[in-house]
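Peer 1: Structure, please.
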Amino acid sequence: MFQRILVANRGEIALRVIRACKELGVAVVAVYSEADRDAPYLSLADEAICIGPASAAQSYLNIPQIISAAEITEAEAIHPGYGFLSENPGFAEKCRDCKIEFIGPPHEAMHLLGNKNQARKLAVKAGVPVVPGSEGLIQNEEEAVRFARAVGFPVLVKAAAGGGGRGMRVARDEASLRSGLQAASREAESAFKDGSVYLERYIDRPRHVEVQLFGDRHGNIVHLWERECSLQRRHQKLVEETPAPNLPEAVRNDMCAAAVRLAKAAGYQNAGTCEFLVDQQNRFYFIEVNARIQVEHPVTELATDIDLVKEQIRIAAGEPLSFRQENVIHRGAVFECRINAEDPANDFRPSPGLVTRWQTPGGPGVRLDTHVTAGYRIPPNYDSLVAKLLVWRPTRAEALACMRRALAEFVVGGIKTTIPRLQEIFNHPDFIAGKVDTTFIERTWQKSS
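Peer 2: Reported below is the predicted structural model:
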């Protein structure tokens, strides 16, 4: 086991990793930008080092600064959390060049799966269903038009190196396809320094279901069941749950087995998530692998009683998985609500600033992951996530009631949050019935959001 780990992230995920390290008896180094200098969780680390100004590019994305901080503090490993450098294969490779263990998948697997076009080809080879799409990257508009005519409109333009909905456009006719190709390519070039795109048949009102995976260095790969992630706004998740409601058991088992096949084909190690679209006939299609721990990993932790962050650390230290597939028992129902500093009544405009009141929920079945306290000032420089509110109960109906109660207890002053919209979601009859898809938020609150 490592003696000292550096956490190359901020906010609630930094605190989550710090806590895991403490329970494992590992010393922990926190890094922070000037904007996060007064973050309360920094006091829980054994050391805290400033790595630059508020700008993420000069701090949390500054590879030389992070590597230097690790070397100065003699950290043996770096945990990247999620976001920032967590899926950057160059950073993972740099860590290992500097004899610092990267707590995540090998950079080779990240390279392979980070490019959606390559990942798609690997999925086909592994016998994993994929959405019908172009054979490779689209080279010009005429090639795109020929494909769209062959499979029929609408089609989806997707950036090969994309993520988070960037570099993605729906084209419903030839004119929108031509303009969408250009727009998606420009956006992808700006965001990922890679403007290449490919096409897929557009699936109307799909569900988004993902499978949690874990692999070790000894060839063991298992799944930890699925999470429903369809409640999204502009491709950003608001609510996650497990098990996925109204998903036939046979489909669930086939999807999890397909995810494991793909991970084995990629030589995957550590935590990862295989994401699928599910159409209205419950046919599932591979879309991508997130080669990192997910924001919503606590959903799986509550359902399986397995600490995923500790498992990440153990695997990076060379230990085998602490469980086998038959030991992964899914129990009960879990919901997670992302509490963001945003105003849902004003097009989800960011709402940074001083938190004047922070009254949190509790009681049976409630978990809250957050770095925020009363008196904390939320900086405007980063993602707006301020808390993850989770509940576990034996049944979905009980979990729904528990989350409604917990949201009602949660009182935040000084900033706007997504709590009011989340309360509306958990009282909506279609959501209560498990009738969800990725367009649910826009369709239901189109006028107000």
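Peer 1: Okay, now the sheet partners of the strand ranked longest in the chain, with direction.
Peer 2: Longest strand in the chain, counting residues (DSSP state E): strand 221-233. Neighbouring strands of strand 221-233 in its sheet, by DSSP bridges, are strand 207-215 (antiparallel), strand 236-242 (antiparallel).
Peer 1: Now the shortest one - C-alpha only, PDB.
Peer 2: Taking C-alpha atoms only, strand 236-242 is exported to PDB below (Å, rounded to 0.1, in the frame of the first residue of the first chain):
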ATOM      1  CA  GLN A 236     -25.400  17.100 -17.900                       C
ATOM      2  CA  LYS A 237     -26.900  14.600 -15.400                       C
ATOM      3  CA  LEU A 238     -29.300  15.800 -12.700                       C
ATOM      4  CA  VAL A 239     -30.500  12.600 -11.200                       C
ATOM      5  CA  GLU A 240     -29.100   9.000 -11.200                       C
ATOM      6  CA  GLU A 241     -30.600   5.800  -9.800                       C
ATOM      7  CA  THR A 242     -30.100   2.100  -9.500                       C
END
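Peer 1: what residues does that strand touch?
Peer 2: 164-165, 225-229, 231-232, 295-296, 299-300, 303, 330, 333-338, 396, 399, 418, 421-422, 425, 441 (CB atoms under 8 Å, 6 or more residues apart in numbering). C-beta coordinates here come from the backbone N, C-alpha and C atoms, glycine included.
Peer 1: Just send the strands paired with strand 221-233 back as CSV, with mean pLDDT, distance to residue 369 and mean neighbour count too.
Peer 2: As requested, these are exported to CSV (pLDDT from 0 to 100; distance: least, CB to CB, whole Å; neighbours: other CB atoms under 10 Å):
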stretch, mean pLDDT, distance to residue 369, mean neighbour count
strand 207-215, 98, 16, 25
strand 236-242, 96, 13, 24
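Peer 1: quick one: which of the ones you listed is nearest residue 307?
Peer 2: Between residue 307 and the strands paired with strand 221-233, the tightest spacing by CB to CB is seen for strand 207-215, at 11.6 Å.
Peer 1: send the alpha carbons of the closest one over as CSV?
Peer 2: Written as CSV, here are the backbone C-alpha positions of strand 207-215 (Å, rounded to 0.1, in the frame of the first residue of the first chain):
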residue,chain,number,x,y,z
ARG,A,207,-32.6,6.1,-22.0
HIS,A,208,-29.0,6.5,-20.8
VAL,A,209,-27.9,3.5,-18.7
GLU,A,210,-24.3,2.9,-17.6
VAL,A,211,-22.5,-0.1,-16.1
GLN,A,212,-19.8,0.3,-13.4
LEU,A,213,-16.7,-1.7,-14.1
PHE,A,214,-13.6,-2.6,-12.1
GLY,A,215,-10.4,-4.4,-13.3
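Peer 1: i'd like the first residue to be 3 from this point on
Peer 2: With 3 as the first residue, the last one maps to strand 209-217.
Peer 1: Can you name every helix or strand that the longest helix along the chain contacts?
Peer 2: Assignment by DSSP state H gives helix 176-194 as the longest helix of the chain. Here helix 176-194 touches helix 143-153, strand 157-165, strand 168-173, strand 199-203, going by 3 or more CB pairs under 8 Å, 6 or more residues apart in numbering; DSSP states H and E.
Peer 1: Which of these has the lowest mean pLDDT?
Peer 2: The weakest mean pLDDT among the helices and strands packed on helix 176-194 belongs to strand 157-165, with a mean of 85.
Peer 1: Adjacent strands (with direction) for that one?
Peer 2: strand 168-173 (antiparallel), strand 199-203 (antiparallel).
Peer 1: I'd like these as TSV, with distance to residue 271 appended.
Peer 2: Listed next are these as TSV, based on distance: least, CB to CB, whole Å:
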stretch	distance to residue 271
strand 168-173	27
strand 199-203	27
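Peer 1: Of the ones you listed, which stretch is the most buried?
Peer 2: strand 199-203 (a mean of 23; mean count of other CB atoms under 10 Å).
Peer 1: related to what we said a few turns ago, got the strands paired with strand 223-235 as CSV, with distance to residue 267 columns?
Peer 2: CSV is the format used below for the strands paired with strand 223-235 (distance: least, CB to CB, whole Å):
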stretch, distance to residue 267
strand 209-217, 12
strand 238-244, 25
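Peer 1: Grab the most central residue of this protein for me.
Peer 2: For the chain, the residue nearest the mean C-alpha position is residue 296 (3.7 Å; CA atoms, centre = their mean).
Peer 1: Where does that one sit: helix, strand or coil?
Peer 2: Here residue 296 is coil, with the state taken from DSSP: H, G, I helix; E, B strand; the rest coil.
Peer 1: which ones are touching it?
Peer 2: Applying CB under 8 Å, 6+ apart, the residues contacting residue 296 are 84, 212, 214, 273, 275.
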